[in-house]
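> Below are the sequence and a predicted model; questions follow.
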Amino acid sequence: MRNFYIVLFCFFLGSTISALFAPGIVSWYFDPPTSIGVSCKEAVGWGINAYQKMVLIGGVMGLFSGIVVAFFLKRKSKI
């Protein structure tokens, strides 16, 4: 059960870090596939979708790093 909490903590940590840095990355790398005229609706929609993808990717990276950390902690405790 301890390993589950470690994995869950790393998932939330990865999501939090991604949520903090994703808007800056999206605005720095902002090149929407649509032309921006008077209405920015399509560009904003694209930016929000990119932000959501970044948060999901950060969560998955945190989840996998939590699994790795839990594996090594479990292995270390058996030695």
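On my side now, so go ahead. Quantities reported herein were computed from a predicted structural model and do not represent experimental measurements. Residues are numbered from 1 along each chain as shown.
> Next one: Leu73 from Ala43, what distance?
45 Å (CB to CB, to the nearest Å). In this view, the C-beta of every residue, glycine as well, is placed from N, C-alpha and C.
> can you tell me which helix or strand the residue nearest to the spatial centre of the chain belongs to?
In the chain, the centroid-proximal residue (CA atoms, centre = their mean) is Gly58; its distance is 1.8 Å. Using DSSP states H and E, the element containing Gly58 is helix 41-78.
> re the thing from before, may I ask you to confirm that the residue nearest to the centre of the chain is in contact with Ala19?
Yes - using CB atoms under 8 Å, Gly58 is in contact with Ala19, at 7.2 Å.
> just checking, Phe12 touches Gly62?
Yes - Phe12 lies in contact with Gly62 (CB under 8 Å); the separation is 7.1 Å.
> Go ahead and confirm Gly62 touches Gly14.
Yes - counting by CB under 8 Å, Gly14 is a contact partner of Gly62 at 1.9 Å.
> Count residues in the vicinity of Tyr5, would you?
11 (other CB atoms under 10 Å).
> Start at 397, not 1
Yep, numbering from 397; the last one is Tyr401 now.
> any idea how far Met450 is from it?
Tyr401 is 25 Å from Met450, by CB to CB.
> And Ile413, by the same measure?
Per CB to CB, Ile413 is found 10 Å from Met450.
> Relative to Phe468, how far out is the closest residue to Ala415 other than its chain neighbours?
Leaving aside its sequence neighbours, Ala415 sits nearest to Val451 (CB to CB, 6 or more residues apart in numbering; 5.4 Å). For Val451, the distance to Phe468 equals 26 Å [CB to CB].
> Thank you, goodbye.
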